[in-house]
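S.K.: Fold the following for me, if possible:
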Amino acid sequence: MTPPRPPVPTHRVTIADVMRARAAGWQQVEAPSPFGKNGAGTEMLMTDGSVMISDNTSHWYRLVPNEDGDYVKGSWVQAATMGNDYGPLYFASAVLADGRLLVEGGEYNFFVGANTKNAAIYDPLTDNWQPLPPADHWALVGDGPSVVLDDGTFMLGDCCNGREALYGDEKKINWLNWIRTGSGKADGDAEEGWTLLPDGKVLVADVSDVPNSELYDPKTGSWSSAGQIPVNLVQFCEIGPQVLRPNGTVFVGGATQYTAIYETHRHRWIAGPDFPIVNGQQVVMTDGPATLLTNGDVLMATSPEDISPMTMLVFDGSNLTIVAGPPNAPNDSAYSTRLLLLPTGQVLETDSTDDVEIYTPHVGRDLSIAPTITSVATTLIHGDTYLIAGTLFNGVSQDNMYGDDDQQATNYPLVRIRNSSTGHVFYARTHNHSFMGVASTATVTTLFDVPANIELGPSTLEVVANGIPSAPVAVTIN
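M.R.: Modelled structure (predicted):
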């Protein structure tokens, strides 16, 4: 069971630690942190460009970028509290096609081991959490894995009893009915992560049925083998994240020294590079985050099992390279860290302390996977809602991966509007996306709400998916 609180710091962060991190592109969010002793936990990118962050209990705060679209200089806004009986840590979560945030289960509830079955859904329009019925009458959910399928259906795994269920259907999400699914799975879902593939199937590297891997097919509702993994990725019933890259390969970090790569085009596994030994200690990912950068590289947090220090690595498709971590890396471990790609291409990092950091990678953008706008009104009235259409609106990956303890997928379109006179940035909340898969070349539509307080006049509009913007379109805001 994952420890409910971060380890006691063993290293005093020095000025040299801070200067090294700052020189490497790490910046602390300037507004005073609201998180206190509970620390900042899971981060979820909302479709209005703000980031919802849990304090590991029932409280959530939104990080809102400033008028220049800068998250480092952004502000904190307290969101509604989940309630007195629900304060989850290590849980299933997803931003849905309608723009709401779903949180399900929790290995801990207010830091008490519970494997709770509680669930709630957050509506950003009303700033309100509503409780949801238990998943298919399960007694436990805990830190179960989850994924949003191509059609917008939410799929959830039971932490402890090896079963899966769907929330909603392909025509209309129905939050009152669960549908059982997942026949034929070779093992349970505990400690596993689910990766959505371009063909709509879901890949998992098994934790109990080692070295097997499996594919879930939404068309049949069943699992089948995806082949044997050539290296052992499992230790202490843990495994690292699974990240789909633009070339169709899935990088999987092991809880051992090993990594593996699944080639979706060839339907086969190959061994990846081994994790390095850092200062005499083997780093691994017995739980830990990874995020896909805008150039296709994978940024990840590693550590010697569940203890400090943390080492940040980048996988470029061939090699693993050490890069500078945030100032508190000497006290952090991989499991207590969360990474989230922002619409700016920067990476937001939390570590269950009150420090929130933003990393600016010195990398470019893979413009071959940028969204393309094919249809949008060029005269927009503030406060009104419009339809926009285009391709690659969902990016090529869920992007941010951890495993069963944390799901932060961002494969949905954001609409960003910049006033041509002032340069000020406004995000138009998107919702009702027609597609929630990845790497599709088909036309996707979504609705966007022009903010009522937006500046008027000539502007540019772009769609952003996983930190990569489309070419801008000239619009006029009336």
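S.K.: low pLDDT regions in the stretch 101-250 of the chain?
M.R.: Applying pLDDT under 70 to the stretch 101-250 of the chain flags the ranges 168-176.
S.K.: so where do the helices sit in the stretch 1-150 of the chain?
M.R.: Residue ranges of the helices in the stretch 1-150 of the chain, as given by DSSP state H, counting those that start in this stretch, are 15-23.
S.K.: can you give me the strands for it?
M.R.: If DSSP state E, counting those that start in this stretch is used as the criterion, the strands of the stretch 1-150 of the chain fall at 26-28, 43-45, 51-54, 60-64, 75-78, 88-89, 92-95, 101-109, 112-123, 128-131, 146-148.
S.K.: what's the most buried one of the ones you listed?
M.R.: When you average the neighbours per residue for each of the strands of the stretch 1-150 of the chain (mean count of other C-beta atoms under 10 Å), strand 88-89 leads with a mean of 29. C-beta coordinates here come from the backbone N, C-alpha and C atoms, glycine included.
S.K.: ok, that one: who's next to it in the sheet?
M.R.: Neighbouring strands of strand 88-89 in its sheet, by DSSP bridges, are strand 101-109 (antiparallel).
S.K.: rewinding a little: can I get the strands of the stretch 1-150 of the chain in a markdown table with distance to residue 216?
M.R.: Supplementary listing: the strands of the stretch 1-150 of the chain in a markdown table, determined by distance: least, C-beta to C-beta, whole Å:
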| stretch | distance to residue 216 |
| --- | --- |
| strand 26-28 | 37 |
| strand 43-45 | 23 |
| strand 51-54 | 27 |
| strand 60-64 | 30 |
| strand 75-78 | 37 |
| strand 88-89 | 24 |
| strand 92-95 | 15 |
| strand 101-109 | 18 |
| strand 112-123 | 21 |
| strand 128-131 | 28 |
| strand 146-148 | 9 |
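S.K.: Go through those and name the closest to residue 213.
M.R.: The closest of those to residue 213 is strand 146-148. By C-beta to C-beta, the value is 15.5 Å.
S.K.: That closest one: partners in the sheet, and parallel or antiparallel?
M.R.: strand 154-157 (antiparallel).
S.K.: Can you name every helix or strand that the helix or strand just after the partner strand contacts?
M.R.: Next helix or strand after strand 154-157 toward the C-terminus (DSSP states H and E): strand 164-167. Applying 3 or more C-beta pairs under 8 Å, 6 or more residues apart in numbering; DSSP states H and E, one finds that strand 164-167 contacts strand 154-157, strand 178-181.
S.K.: ranking those by burial, who's on top?
M.R.: Of all those, strand 154-157 has the most neighbours on average by mean count of other C-beta under 10 Å, namely a mean of 27.
S.K.: C-alpha coordinates for that one, CSV please?
M.R.: What follows is strand 154-157, C-alpha atoms only, in CSV (Å, rounded to 0.1, in the frame of the first residue of the first chain):
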residue,chain,number,x,y,z
PHE,A,154,-15.8,6.4,-18.7
MET,A,155,-14.3,3.0,-17.9
LEU,A,156,-13.3,2.1,-14.3
GLY,A,157,-11.5,-0.8,-12.7
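S.K.: Domain map for the protein?
M.R.: Per the record, the chain has its domains at 15-359, 367-477, by automatic domain parsing.
S.K.: Which one of the strands of the stretch 1-150 of the chain lies nearest to residue 167?
M.R.: strand 101-109 (7.9 Å).
S.K.: Taking strand 60-64 as reference, get the angle to the closest one.
M.R.: An angle of 130 degrees separates the directions of strand 101-109 and strand 60-64 when computed by axes from the mean of the first three to the mean of the last three C-alpha atoms, to 10 degrees.
S.K.: C-alpha coordinates for strand 101-109, CSV please?
M.R.: Once side chains and other backbone atoms are set aside, the C-alpha atoms of strand 101-109 remain, and they are given as CSV (Å, rounded to 0.1, in the frame of the first residue of the first chain):
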residue,chain,number,x,y,z
LEU,A,101,-14.5,16.5,-13.7
LEU,A,102,-15.2,13.0,-12.4
VAL,A,103,-13.4,11.7,-9.3
GLU,A,104,-14.0,8.1,-8.3
GLY,A,105,-12.8,6.1,-5.3
GLY,A,106,-9.6,6.6,-3.3
GLU,A,107,-7.0,4.4,-1.6
TYR,A,108,-7.2,6.9,1.3
ASN,A,109,-10.0,9.1,2.6
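S.K.: residues near the closest residue to residue 411 other than its chain neighbours, how many?
M.R.: Taking C-beta to C-beta, 6 or more residues apart in numbering as the measure, residue 411 lies nearest to residue 394, with 4.5 Å between them; neighbours along the chain are not counted. As a burial measure, the neighbour count of residue 394 was computed by other C-beta atoms under 10 Å and equals 27.
S.K.: Spatially nearest residue to the residue nearest to the spatial centre of the chain (excluding sequence neighbours)?
M.R.: The residue lying closest to the centre of the chain (C-alpha atoms, centre = their mean) is residue 408, at 2.1 Å. Here the nearest residue to residue 408 in space, its sequence neighbours aside, is residue 400; by C-beta to C-beta, 6+ apart that works out to 4.1 Å.
S.K.: Burial check on the one you found, number of neighbours?
M.R.: As a burial measure, the neighbour count of residue 400 was computed by other C-beta under 10 Å and equals 27.
S.K.: now swap in residue 37 and tell me
M.R.: Residue 37 has 9 neighbouring residues, counting by other C-beta under 10 Å.
S.K.: Nearest residue to it in space, ignoring adjacent ones along the chain?
M.R.: Using C-beta to C-beta, 6+ apart and skipping the chain neighbours, the partner closest in space to residue 37 is residue 354 (7.8 Å).
S.K.: any idea how far the one you found lies from residue 238?
M.R.: Shown here: residue 354 relative to residue 238, a distance of 27 Å by C-beta to C-beta, to the nearest Å.
S.K.: do residue 141 as well
M.R.: Taking C-beta to C-beta as the measure, residue 141 falls 19 Å from residue 238.
S.K.: Who has more neighbours out of these two?
M.R.: Counted by other C-beta under 10 Å, residue 141 and residue 238 do not tie: residue 141 has more neighbours, with 29 against 26.
S.K.: My read is that that one contacts residue 132, right?
M.R.: No - applying C-beta atoms under 8 Å as the test, residue 141 and residue 132 come out as separate, 10.8 Å apart.
S.K.: shared neighbours of the two, which are they?
M.R.: Contact criterion C-beta atoms under 8 Å, 6 or more residues apart in numbering; residues shared by residue 141 and residue 132: 104, 119.
S.K.: sorry, back to before: pretty sure the residue nearest to residue 411 is touching residue 414, no?
M.R.: No - contact status for residue 394 versus residue 414: not in contact, 11.1 Å apart, counting by C-beta under 8 Å.
S.K.: Please enumerate the shared neighbours of the two.
M.R.: Common contacts of residue 394 and residue 414 (C-beta under 8 Å, 6+ apart): residue 465.
S.K.: What about residue 291, how many residues nearby?
M.R.: Counted with other C-beta under 10 Å, residues neighbouring residue 291 total 31.
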